[in-house]
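*Asks:* Provided below for reference: sequence and predicted model.
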Amino acid sequence: MTEQDATPKRTTFRHGDLRRALLEAGLDLAREGGPDAVILREATRRVGVVPNAAYRHYASREALLQAVRQACVAALARSIEKELAIIDPNAPLVARAKAHLRGVGMGYIKFALLEPGLLRTAFAIPDGLKGQPVPEKSGDSGKTPFQLLSDAIDLMLEAGLLPKSKRLGAEFLAWSSVHGLSMLMIDGPLRSFSPAQVEAVGQRLIDMVERGLTEPTPGP
């Protein structure tokens with residue numbers, strides 16, 4: 001077999017859409033191996049073009065990785081939006097507020113289990129990207145996962161469930177809790193959990209987050 005024969009056939013590249021084809025190849029690499037696997041040369045090999053052809057679209061491996069991270073964040077947002085879409089818009093405000101918080105949390109956890117490589121890539125910052133912010137990319141609603149979480153917490157406030165004194169920074173506490181559980185389930189000692197265990201533990205974690213946000217802080 002010659003070197004030319006060993007080159008993978010083009011499966012995603014179409015004339016004029018090389019940028020998109022490279023991004024899709026990068027996403028496949030992220031699915032398989034997380035952020036460390038997103039290598040520009042490998043993406044070009046999978047698309048079936050020489051490395052130099054990619055540079056007009058992605059000048060470096062870091063540029064491709066940033067684009068992949070943006071796409072991963074958008075995919076996470078869409079997973080959350082899918083959970084939010086099933087909430088009854090005519091339900092009482094208190095019920096809707098609780099359902100939105102739960103929808104954000106469970107959408108996050110479900111995405112982590114379905115696309116662990118993409119979740120690792122969305123918020124991982126390899127050495128070459130240190131100092132650069134997590135890319136902002138919206139889902140179908142035009143909002144990022146963090147904005148969807150902020151909206152859910154604002155709805156808790158509007159419903160009278162969240163004291164105003166606890167509003168500041170509440171997103172970071174809720175996000176840390178759900179992300180931590182997600183990582184334990186995909187990379188840690190909880191990765192052997194059955195779907196039923198995932199559902200039960202995920203729901204209990206969100207119960208804990210809700211109580212932490214809504215219950216008065218004990219005095220000294």
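*Replies:* Cool, the structure landed.
*Asks:* can you give me the helices in this protein?
*Replies:* For the chain, helices defined by DSSP state H occupy the ranges 3-6, 18-33, 40-47, 61-84, 93-114, 116-123, 145-158, 170-187, 195-214.
*Asks:* List the contacts of the closest residue to residue 152 other than its chain neighbours.
*Replies:* Of all residues beyond its chain neighbours, the one nearest residue 152 is residue 100 (4.0 Å), with distances taken as CB to CB, 6 or more residues apart in numbering. In short, each C-beta sits where N, CA and C put it, glycine included. Applying CB atoms under 8 Å, 6 or more residues apart in numbering, we find residue 100 in contact with 84, 87, 151, 152, 155, 156.
*Asks:* 10 Å - rerun?
*Replies:* Counting by CB atoms under 10 Å, 6 or more residues apart in numbering, residue 100 touches 80, 83-84, 87, 148-149, 151-156, 159.
*Asks:* Return the closest of the residues you listed with respect to residue 125.
*Replies:* Within the set of the contacts of residue 100, residue 149 lies nearest residue 125; the separation is 19.8 Å, counting by CB to CB.
*Asks:* thought the closest one was touching residue 176?
*Replies:* No - using CB atoms under 10 Å, residue 149 is not in contact with residue 176, being 11.2 Å away.
*Asks:* rewinding a little: mind putting the contacts of residue 100 into JSON lines with neighbour count, distance to residue 190 and pLDDT?
*Replies:* Formatted as JSON lines, the contacts of residue 100 follow (neighbours: other CB atoms under 10 Å; distance: CB to CB, whole Å; pLDDT from 0 to 100):
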{"residue": "80", "neighbour count": "26", "distance to residue 190": "21", "pLDDT": "97"}
{"residue": "83", "neighbour count": "21", "distance to residue 190": "21", "pLDDT": "97"}
{"residue": "84", "neighbour count": "18", "distance to residue 190": "25", "pLDDT": "97"}
{"residue": "87", "neighbour count": "16", "distance to residue 190": "27", "pLDDT": "97"}
{"residue": "148", "neighbour count": "24", "distance to residue 190": "24", "pLDDT": "96"}
{"residue": "149", "neighbour count": "24", "distance to residue 190": "22", "pLDDT": "96"}
{"residue": "151", "neighbour count": "17", "distance to residue 190": "28", "pLDDT": "96"}
{"residue": "152", "neighbour count": "24", "distance to residue 190": "24", "pLDDT": "97"}
{"residue": "153", "neighbour count": "22", "distance to residue 190": "26", "pLDDT": "97"}
{"residue": "154", "neighbour count": "16", "distance to residue 190": "31", "pLDDT": "97"}
{"residue": "155", "neighbour count": "19", "distance to residue 190": "29", "pLDDT": "97"}
{"residue": "156", "neighbour count": "25", "distance to residue 190": "27", "pLDDT": "96"}
{"residue": "159", "neighbour count": "17", "distance to residue 190": "32", "pLDDT": "96"}
